[in-house]
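[1] Just need the structure, nothing else, for what follows:
(one chain, ligands or ions: 2)
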Amino acid sequence: MTHPLTFLGIESSCDDTAAAVVRATGGAGEILSSVVRGQTALHADFGGVVPEIAARAHVERLDLCIAQALAQAGARLTDLDGIAVTAGPGLIGGVLSGLMTAKALAAAAGLPMVGVNHLAGHALTPRLIDGLEFPYLMLLVSGGHCQFLAVEGPETFRRLGSTIDDAPGEAFDKIAKLLALPQPGGPHVEREAAGGDPRRFAFPRPLLDRPGCDLSFSGLKTAVLRARDERVAAQRGLTAQDRRDLCAGFQAAVADVLAEKTRRALAAFPVSTIAVAGGVAANRAIRARLETVCDETNTRFVAPPLALCTDNAAMIAWAGIERFRLGHCDGPNLTARSRWPLDEGAAPVIGSGKRGAKA
Ligand code: KG4
Ligand code: ZN
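    Ligands and ions are numbered 1, 2, ... in the order given. Model prediction:
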């Protein structure tokens with residue numbers, strides 16, 4: 001039994017300001033509090049996250065989020081064993097806001113501070129909720145990221161494949177935009193798709209003709225745009241059924257690609273568990289396809305509850321605890337990183353989407 005550790009986590013790398021208190025005794029962690037303040041309304045008029053607005057909002061809200069997280073956990077700063085903070089990758093202004101806050105708190109309270117890679121936070125979440133043992137395969141699918149990771153230790157990640165352009169959530173959001181559906185688009189596209197015919201439009205399955213686990217979603221988005229424009233030109237607008245069929249066809253293409261690439265990732269890294277994280281993991285059609293792959297390959301499927309799939313600070317607190325247990329602790333000169341690949345040995349990927357530079 002390891003010595004119990006209680007950490008405050010701070011997350012501010014994109015458009016969610018978050019703070020959480022997590023206690024770890026052994027096995028899974030215990031989330032004592034988790035506060036997330038989204039910024040969707042602040043960016044709504046701009047069609048994407050505006051880095052300066054995001055950074056300013058983080059500065060304004062971090063104090064309150066941290067105070068709320070501590071109060072909900074019934075903890076004071078002096079009850080903590082350390083502070084974990086996202087040090088990258090992400091929008092640099094936001095990352096800096098969280099990092100400066102963490103440094104000030106750690107110095108004032110005399111606590112150790114641990115800088116955490118945001119992607120490690122997502123990738124280690126199955127251990128926080130489930131006590132999942134290494135190794136396992138992680139599929140991270142969000143608005144900013146898309147990668148297959150071989151997870152072999154708290155700091156041992158091997159990237160098996162990733163998107164070479166857009167992340168799938170970004171593609172869902174763009175499809176929603178071109179069909180005049182609200183943002184963030186994923187849930188709306190899913191709802192429309194439920195009443196559509198996935199076979200009416202023949203959309204491409206990008207990169208399935210090439211070996212490996214890399215993915216691409218930008219050509220698929222263009223194909224949907226063309227199909228929409230053809231319908232509009234032919235009949236001066238879209239019918240409700242056109243919209244449903246376009247959404248269904250797009251979603252089926254994303255699900256097909258993710259399922260086949262997951263099969264390949266499992267073949268390259270044959271483990272008994274695959275875990276998912278990221279907002280797109282909320283999509284029922286995609287989840288169902290991944291579950292089918294798991295059934296076929298006799299693999300266990302672990303999907304954290306949605307609140308822990310999307311950005312939050314509990315995952316940062318947990319990843320900080322894992323790093324701290326390995327003896328890591330950062331000083332006041334810790335720097336914020338906009339790019340920070342989990343697998344430093346992997347070749348850099350091309351592309352930088354609306355959520356900033358991809359890892
Ligand atoms: O992980 P997340 O909350 O934030 C970051 O990307 O950092 O993911 C948000 C993304 C958005 O692009 C959103 O459209 C997508 O996840 N999303 C979905 C669904 N719910 C959220 N995509 C497809 N189907 C959904 N049900
Ligand atoms: Zn994230």
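[2] chain center to the helix or strand that contains Lys177: distance?
    Assessed by DSSP states H and E, Lys177 sits inside helix 168-178. The chain centre lies 16 Å from the centre of helix 168-178; the measure is CA atoms, centre = their mean, to the nearest Å.
[3] again, but for stretch 5-16
    Put simply, stretch 5-16 sits 14 Å off its chain's centre (CA atoms, centre = their mean).
[4] Stretch 265-280 now?
    With CA atoms, centre = their mean as the basis, stretch 265-280 stands 14 Å off its chain's centre.
[5] For it, output the C-alpha coordinates as PDB.
    The C-alpha coordinates for stretch 265-280 follow below in PDB (Å, rounded to 0.1, in the frame of the first residue of the first chain):
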ATOM      1  CA  ALA A 265      -3.200  -0.500 -33.700                       C
ATOM      2  CA  LEU A 266      -4.200  -3.700 -31.800                       C
ATOM      3  CA  ALA A 267      -2.300  -5.800 -34.300                       C
ATOM      4  CA  ALA A 268       0.800  -3.600 -33.800                       C
ATOM      5  CA  PHE A 269       0.400  -3.600 -30.000                       C
ATOM      6  CA  PRO A 270      -1.500  -6.700 -29.000                       C
ATOM      7  CA  VAL A 271      -2.800  -6.000 -25.500                       C
ATOM      8  CA  SER A 272      -5.900  -7.100 -23.600                       C
ATOM      9  CA  THR A 273      -7.400  -3.600 -23.000                       C
ATOM     10  CA  ILE A 274      -8.200  -0.600 -25.200                       C
ATOM     11  CA  ALA A 275      -9.300   2.600 -23.600                       C
ATOM     12  CA  VAL A 276     -10.800   5.700 -25.200                       C
ATOM     13  CA  ALA A 277     -10.800   9.400 -24.100                       C
ATOM     14  CA  GLY A 278     -11.800  12.700 -25.600                       C
ATOM     15  CA  GLY A 279     -15.100  14.300 -26.500                       C
ATOM     16  CA  VAL A 280     -15.700  12.200 -29.600                       C
END
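[6] before we move on, the earlier item: quick one: list the elements packing against the helix or strand following the helix holding Lys177.
    The helix or strand immediately downstream of helix 168-178 is helix 186-194, counting by DSSP H and E. Secondary-structure packing of helix 186-194 (3 or more CB pairs under 8 Å, 6 or more residues apart in numbering; DSSP states H and E): helix 168-178, helix 240-268, helix 284-297. In this view, the C-beta of every residue, glycine as well, is placed from N, C-alpha and C.
[7] Would you format those helices as JSON lines with mean pLDDT and mean neighbour count included?
    What follows is those, written out as JSON lines (pLDDT from 0 to 100; neighbours: other CB atoms under 10 Å):
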{"stretch": "helix 168-178", "mean pLDDT": "95", "mean neighbour count": "25"}
{"stretch": "helix 240-268", "mean pLDDT": "97", "mean neighbour count": "20"}
{"stretch": "helix 284-297", "mean pLDDT": "96", "mean neighbour count": "16"}
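[8] Nearest to ligand 1, out of those helices?
    helix 168-178 (2.6 Å; CB to the nearest ligand atom).
[9] Show me what the closest one is packed against.
    Short answer (3+ CB pairs under 8 Å, 6+ apart): helix 168-178 packs on helix 186-194, helix 218-235, helix 240-268.
[10] For Pro154, which of those is the nearest?
    Ranking the helices and strands packed on helix 168-178 by proximity to Pro154 (CB to CB) places helix 240-268 first, at 20.5 Å.
[11] what's the angle from the closest one to helix 186-194?
    Comparing the axes of helix 240-268 and helix 186-194 via axes from the mean of the first three to the mean of the last three CA atoms, to 10 degrees yields an angle of 110 degrees.
[12] Does at least one residue of helix 240-268 sit close to ligand 1?
    No: Helix 240-268 lies out of reach of ligand 1 by CB under 6 Å from any ligand atom, never closer than 7.7 Å.
[13] From the contact counts, what lies against the following helix or strand past that helix?
    Using DSSP H and E, the helix or strand that follows helix 240-268 in sequence is strand 273-277. Counting contacts by 3+ CB pairs under 8 Å, 6+ apart, strand 273-277 is packed against helix 118-130, strand 136-141, helix 284-297, strand 300-302, helix 306-309.
[14] Parallel or antiparallel, which strands does strand 273-277 pair with?
    strand 136-141 (parallel), strand 300-302 (parallel) (DSSP bridges).
[15] sorry, back to before: JSON lines for the helices and strands packed on strand 273-277, including distance to Asp209?
    Putting those into JSON lines (distance: least, CB to CB, whole Å) gives the following:
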{"stretch": "helix 118-130", "distance to Asp209": "28"}
{"stretch": "strand 136-141", "distance to Asp209": "21"}
{"stretch": "helix 284-297", "distance to Asp209": "19"}
{"stretch": "strand 300-302", "distance to Asp209": "27"}
{"stretch": "helix 306-309", "distance to Asp209": "30"}
